[in-house]
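Enquirer: Give me coordinates for this.
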Amino acid sequence: MDSDHQSTRFVVGLGNPGQEYRLTRHNLGFRVAEALARRWLAGPGKAAFGGRLAEARRRRGDQEQRVMLFWPRTHMNCSGQAVRELVGFYQAPLQDVLIVLDDLALDLGRLRLRAKGSAGGHKGLADVIAALGSRELPRLRIGIGSPPGGMDAVDYVLQPFRPDELETAEAAVRQAADAVEDWLFEGLAPAMDKHNRKLEPSG
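Expert: Coordinates of the predicted model:
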């Protein structure tokens, strides 16, 4: 295994494929990966491993990092197979694979970066954990808030954000992209210290 291969990191955005889902609450993971692809000039990527894969090289100071951005195209609740194929092909250590996803249990815009843990009720992450056979998997959760009283959670996550939520949601995508970069270059603990707090209001 060469040193270049050893230095590769993987960022997996969870979501549902299809334009009708793009702006829904459940697709924040996809949108963070898309934001990083634009920021890193990674291009549209190619079909691979039951998803879409784009490669980028990112430099900060004297550090350069090779990164693979991955969007499973198998629908949210069946994300595990695609992630397992990706991880297996590259023989990637799980600590080098960051899963980015939405979270009902966090207030809108809040980020929570963790090294491992349960799925916390998120069926996409649960499927990834089951497919990989380990909970030792870094994840970046992005708060979408909880459903209003009486609304089913499934209906809620498949809705777009309300107009009054859009600014906070867009800011959360940008901050989550920053958190991914800090994870790449500073490591998990410093990125957690910086980003595991409530999103600061703009202005």
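Enquirer: contact partners of stretch 181-194?
Expert: Outside stretch 181-194, the residues within contact range by Cβ atoms under 8 Å, 6 or more residues apart in numbering are 9, 36, 58, 60-61, 63, 65, 67, 95, 98, 113-115, 138, 140, 179, 195. Yep, even glycine has a C-beta here, placed from its N, CA and C like the rest.
Enquirer: Export that stretch to CSV, keeping only CA atoms.
Expert: Provided in CSV are the C-alpha atoms of stretch 181-194 (Å, rounded to 0.1, in the frame of the first residue of the first chain):
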residue,chain,number,x,y,z
GLU,A,181,-11.9,20.6,6.2
ASP,A,182,-10.9,21.0,9.8
TRP,A,183,-11.3,17.2,10.3
LEU,A,184,-9.0,16.6,7.3
PHE,A,185,-6.2,18.9,8.4
GLU,A,186,-6.5,19.3,12.1
GLY,A,187,-8.0,16.0,13.2
LEU,A,188,-11.2,15.0,14.9
ALA,A,189,-10.7,16.4,18.4
PRO,A,190,-9.8,20.0,17.3
ALA,A,191,-12.7,19.9,14.8
MET,A,192,-15.1,18.8,17.5
ASP,A,193,-14.0,21.5,19.8
LYS,A,194,-14.5,24.2,17.2
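Enquirer: Report the buried residues of that stretch.
Expert: Neighbour counts using 16 or more other Cβ atoms under 10 Å place 181-185, 191-192, 194 of stretch 181-194 among the buried residues.
Enquirer: Dump those residues to JSON lines, plus distance to Ala169.
Expert: Listed next are the buried residues of stretch 181-194 as JSON lines, based on distance: Cβ to Cβ, whole Å:
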{"residue": "Glu181", "distance to Ala169": "19"}
{"residue": "Asp182", "distance to Ala169": "20"}
{"residue": "Trp183", "distance to Ala169": "21"}
{"residue": "Leu184", "distance to Ala169": "23"}
{"residue": "Phe185", "distance to Ala169": "25"}
{"residue": "Ala191", "distance to Ala169": "21"}
{"residue": "Met192", "distance to Ala169": "22"}
{"residue": "Lys194", "distance to Ala169": "20"}
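Enquirer: Specify the local secondary structure of Gly145.
Expert: coil (DSSP: H, G, I helix; E, B strand; the rest coil).
Enquirer: burial of it, as a residue count?
Expert: Using other Cβ atoms under 10 Å, Gly145 has 21 other residues around it.
Enquirer: ditto for Ala35
Expert: A total of 18 residues lie near Ala35 under the criterion other Cβ under 10 Å.
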